[in-house]
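**Q** Below are the sequence and a predicted model for it; my questions follow.
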Amino acid sequence: MSSRNQPPLLAPCMVHCLQGTDIRAVLQIVAQVQRNERPRDEAFEEAWRLVTQTNPLPATCGRVCPHPCEVHCNRRDKDAPVSINAVERFLGDWALSHRLAFVITTLIFFMSFFTRRDTFIRAASTTTAVPCWS
């Protein structure tokens, strides 16, 4: 099988994440604060927006998720697995305290029928800002 036909490799934590969160990207953004590469609020907001793409309730899920991603974390053999549920909980709590709103984009499908009985689907995208504290 050629490399073009192989699916992209994912980190074990991402494969086992129940929400499908891009854990590596979130941690890379948060780490930029520690390295003084970005202002804290800017980095935390971007990380929160990335988390909320797949998990609209990170403060809640960070508390109740059984976090199977940690069992499969590559760092568990080196020192300890990354506590991603604590990171998501922190980002969710931080967003609540800063009264951030997240954007929900929904696709609305319209079906149109032609006289030839051909069908096509047209997608219209609508965007709504929803405050996360309501």
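**A** Great, that's in hand. Residues are numbered from 1 along each chain as shown.
**Q** Only C-alpha atoms from now on, for both contacts and neighbour counts.
**A** Fine.
**Q** which residues touch the helix ranked longest in the chain?
**A** Scanning the chain for the helix with the most residues, using DSSP state H, yields helix 84-97. For helix 84-97, contacts defined as C-alpha atoms under 8 Å, 6 or more residues apart in numbering pick out 23, 44-45, 47-48, 51, 57-63, 65, 67, 69-70, 132-133.
**Q** go on, stretch 9-17?
**A** So stretch 9-17 is contacted by 20, 21, 22, 23, 67, 68, 69, 70, 71, 72, 73, 74 (C-alpha under 8 Å, 6+ apart).
**Q** and the end-to-end length of that stretch?
**A** Using C-alpha to C-alpha, to the nearest Å, one end of stretch 9-17 lies 15 Å from the other.
**Q** let's have the chain start at 19 instead
**A** Right, with 19 as the first residue, what we last looked at is stretch 27-35.
**Q** And that stretch, what's buried?
**A** 31, 32, 33, 34, 35 (16 or more other C-alpha atoms under 10 Å).
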